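Chemist: just need the structure, nothing else, for what follows:
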Amino acid sequence: MSLRVMKKEEGYEFLEGVKRDYRVIAPVAENGFFVFKPLEEVKEVVFDYSIAIYPVKNFLLPPYEDYLKFKRAEVPQVEVLSEEVPQTVLFGMRPCDLNSLSLLDDAFLGDPLDMLYKKRRDNFVFIVMDCMAPCDEFSFCKDMGTLNAEKGFDILVTKVNDLYFFKPGSDKGASLIQKYGKGKEASSEEESLLKKAYEEREKNFFKKLKMDKNELPKVLWKGYDSPFWEEVAKKCLSCGSCNLVCPTCYCFDVRDKVEINLKEGVRFRTWDGCMLVDFAKVAGGENFRPTTVQRLRHRFLRKGKYLLDRYGKVGCVGCGRCTRHCLVKINPVEVYNGVYNRI
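Modeler: Numbering: from 1, shown residues only. Down below sits the predicted model:
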């Protein structure tokens, strides 16, 4: 199926049609931020938003979820809890968030397979909103190779002037455009307009890192003992905000909540973060990363080296959320460049 072109009003009509048959999650304005949430009215959707405060991982890997109920009896009883996941269209995610899903898929759809994640993932359709200019001064997606949505999307929406180009990326996406799409097929002139917009977009984005992303493992490993880590750690509050807003942080803790009768309870999992003081604490009280500098260094090596070593993908998509929401504005671009300057 070829490109379809819509005006904004026709885009709202498209979403209205989709909303009749799917749960629709989309970016809306709330308390001065943009957030993804299930839609009540399609007019809530902000087509021209910058970036959402939280990534879309929240809908695939919730911050908290019960997954087992157990009861002590003559024959112990265990019940697997499974949330009913409706067919969902996630509209408007940015390419950096789309690229982050590739890493989450590697972590949760590999061996062993995480059925909680898979059940949600299988019921989602992803409509990506292309970026034609940087979100703000904190984004560095071009450095991390996540500016473009090349695969993994069902529909890619690109705004040029007052037109929205809808490009199918899967059979699901093509079906949605066919069934609910308004507007018209793109003419050759409009396709040329889109091509020119992509060429001009390159002027809006520039690289900020002093090295290529594929050099990060070597740079970070060589600078493992650099005193620069101490300089950065002096500012860090170990609050874990960076972990919470990062689209590729997927660590979680598993705990049991036992009723007062000590005979029944629930097992749940909840997000955890490597910047938190007790993250590396084990039974007996030993903490393998008790200092801020150890935790900070581990986080950056995980993003720039460890995940690349394991999955062949850098663990940072350059969205800039960690800097935006860091109370002391620790910026990964400055950290990576700082290590590079001292090796």
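
Chemist: ok, the closest residue to residue 12 other than its chain neighbours - contacts?
Modeler: Sequence neighbours aside, residue 42 is the residue nearest to residue 12 in space, at 5.1 Å (criterion: Cβ to Cβ, 6 or more residues apart in numbering). Bear in mind the C-beta positions are built from the backbone N, C-alpha and C, glycine included. By Cβ atoms under 8 Å, 6 or more residues apart in numbering, residue 42 lies in contact with 12, 15-16, 19, 24.

Chemist: likewise residue 99?
Modeler: 145-146, 149, 152, 317.

Chemist: and it, what pLDDT?
Modeler: Here the pLDDT value assigned to residue 99 is 96.

Chemist: any idea how far it lies from residue 213?
Modeler: Computed as Cβ to Cβ, to the nearest Å, the residue 99 to residue 213 distance reads 12 Å.

Chemist: quick check: neighbours shared by the two?
Modeler: residue 145.

Chemist: tally of neighbours for residue 15?
Modeler: The local packing of residue 15 (other Cβ atoms under 10 Å) involves 24 other residues.

Chemist: who's in contact with it?
Modeler: Residue 15 sits in contact with 24, 26, 39, 42, 45, 91, where contact means Cβ under 8 Å, 6+ apart.

Chemist: can you rerun that using 6 Å?
Modeler: For residue 15, the contact set (Cβ atoms under 6 Å, 6 or more residues apart in numbering) comprises residue 42.

Chemist: gap between it and residue 59?
Modeler: Per Cβ to Cβ, residue 15 is found 17 Å from residue 59.

Chemist: same check on residue 279?
Modeler: 24 Å.

Chemist: for residue 330, helix, strand, or coil?
Modeler: coil (DSSP: H, G, I helix; E, B strand; the rest coil).

Chemist: where does it land on pLDDT?
Modeler: 98.

Chemist: then residue 75?
Modeler: 88.

Chemist: same question, residue 202
Modeler: 87.

Chemist: check residue 213 too.
Modeler: 93.

Chemist: measure how buried it is and give me the count.
Modeler: 20.

Chemist: what's near enough to touch it?
Modeler: Residues in contact with residue 213 (Cβ under 6 Å, 6+ apart) are 144, 314.

Chemist: for it, give me phi and psi.
Modeler: Note on residue 213: its backbone torsions stand at phi -60, psi -30 [degrees, to the nearest 10].

Chemist: show me where the stretch 151-300 of the chain has strands.
Modeler: Along the stretch 151-300 of the chain, counting by DSSP state E, counting those that start in this stretch, strands occupy 155-160, 163-168, 184-185, 252-258, 264-271.
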